[in-house]
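Peer 1: this is the structure alone, sequence omitted:
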């Protein structure tokens, strides 16, 4: 979000008019999401020794905050999803509406909704199998 805001402020400064079109705002937000996804893909994989042991019993868990453990569990579960479901669910979690998700995935709204709902169900199931709750 911060990256999108910085881009918008730079564009507004260069434009001089102060008004930016809605399509431009959407394009900036979309580009920022794509850039973030690409940046995360370029990061080297975490060393297995440094990963949080999600399947450990509560007494054996390392001293991490619940948010960190849940975030790591969600990332692990998201990687297990099918590509289409993962993309639809990622866009949904980023706050995009069903029609926007459908447009970005270039499919109809019903398919986008199904991908999102099935992705959520699969994510919930995976988290529960790891002893976590969303």
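Peer 2: Happy to help now that I have it. Note that this is a predicted model, so its numbers are computed, not measured. Numbering: from 1, shown residues only.

Peer 1: so where do the helices sit in the protein?
Peer 2: 2-15, 22-42, 66-80, 83-93, 98-105, 109-129 (DSSP state H).

Peer 1: so the shortest one versus helix 109-129, what angle?
Peer 2: If you take axes from the mean of the first three to the mean of the last three Cα atoms, to 10 degrees, helix 98-105 sits at 100 degrees to helix 109-129.

Peer 1: which of the residues in helix 98-105 are buried?
Peer 2: Going by neighbour count (16 or more other Cβ atoms under 10 Å), the buried part of helix 98-105 is 98, 100, 101, 102, 103, 104, 105. For the C-beta atoms, the positions are set from N, CA and C on the backbone; glycine is no exception.

Peer 1: tell me the contacts of the nearest residue to the fourth one once chain neighbours are set aside?
Peer 2: Going back to what we said before, that points to residue 102. Leaving aside its chain neighbours, residue 102 sits nearest to residue 112 (3.8 Å; criterion: Cβ to Cβ, 6 or more residues apart in numbering). By Cβ atoms under 8 Å, 6 or more residues apart in numbering, the contact set of residue 112 is 88, 98, 99, 101, 102, 105.

Peer 1: nearest residue to the first one other than its sequence neighbours?
Peer 2: In space, and not counting its chain neighbours, residue 88 is closest to residue 115: 3.7 Å by Cβ to Cβ, 6+ apart.

Peer 1: domain ranges for the protein, per the record?
Peer 2: Using automatic domain parsing, the domains assigned to the chain come out as 1-44, 66-134.

Peer 1: now those as TSV including mean pLDDT?
Peer 2: Converted to TSV, the domains of the chain look like this (pLDDT from 0 to 100):
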stretch	mean pLDDT
domain 1-44	71
domain 66-134	86
